[in-house]
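Participant: This is the structure alone, sequence omitted:
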């Protein structure tokens, strides 16, 4: 089992940047695929980015080129670097994880992830 704790959210101006962090407990974090999702007010939770055990990355079309997911298994950390932020990026951002035997597996659906953090608020406004 793993516990996830997000941090790094806050207020950013349009065009600005934020770096979100997700700290994971447990000694087998390297066996988990991890992802970031976000949920804006009145909307469903949506996929943002995922990173496989091997380090392959996948992104939603809406964030491609602006957002980078990365992981540091030695530190049990996952990061989301967000650049060129826009007001439509305003949402609560959640870190998610799922254990997998495959180094290349990943999922876009939130229903496939077993573990979630409590979320961190990102607000983009001038």
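Facilitator: In hand now; what should we look at? Nothing here was measured: the structure is a model prediction, and the numbers come from that model.
Participant: Which of the three states applies to the spatially most central residue of the chain?
Facilitator: Among the residues of the chain, the one closest to the centroid is residue 36, at 2.2 Å (CA atoms, centre = their mean). With DSSP: H, G, I helix; E, B strand; the rest coil as the basis, residue 36 sits in strand.
Participant: On the pLDDT front, check it for me.
Facilitator: Per-residue pLDDT puts residue 36 at 98.
Participant: Can you tell me, leaving aside adjacent residues, what's nearest to it?
Facilitator: residue 48 (4.3 Å; CB to CB, 6 or more residues apart in numbering). In short, each C-beta sits where N, CA and C put it, glycine included.
Participant: buried sites along the helix or strand where that neighbour lies?
Facilitator: Residue 48 is part of strand 46-51 when elements are defined by DSSP states H and E. For strand 46-51, a neighbour-count test (16 or more other CB atoms under 10 Å) marks 47, 48, 49, 50, 51 as buried.
Participant: Now the element after it, going C-ward?
Facilitator: Scanning onward from strand 46-51 (DSSP H and E), the first element met is strand 57-59.
Participant: need the strands for this protein, in chain order.
Facilitator: 4-7, 10-12, 18-24, 32-39, 46-51, 57-59, 67-72, 77-82, 91-99, 115-116, 120-124 (DSSP state E).
Participant: Quick check: which of the ones you listed is nearest to residue 105?
Facilitator: Between residue 105 and those, the tightest spacing by CB to CB is seen for strand 32-39, at 5.7 Å.
Participant: packing partners for that closest one?
Facilitator: strand 18-24, strand 46-51, strand 67-72, strand 77-82, strand 91-99 (3 or more CB pairs under 8 Å, 6 or more residues apart in numbering; DSSP states H and E).
Participant: In CSV, list the buried residues of strand 46-51 along with distance to residue 40 and pLDDT.
Facilitator: Putting those into CSV (distance: CB to CB, whole Å; pLDDT from 0 to 100) gives the following:
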residue, distance to residue 40, pLDDT
47, 13, 98
48, 11, 98
49, 16, 98
50, 19, 98
51, 22, 98
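Participant: will you turn those residues into a markdown table that also has distance to residue 126?
Facilitator: What follows is these, written out as a markdown table (distance: CB to CB, whole Å):
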| residue | distance to residue 126 |
| --- | --- |
| 47 | 27 |
| 48 | 23 |
| 49 | 25 |
| 50 | 31 |
| 51 | 31 |
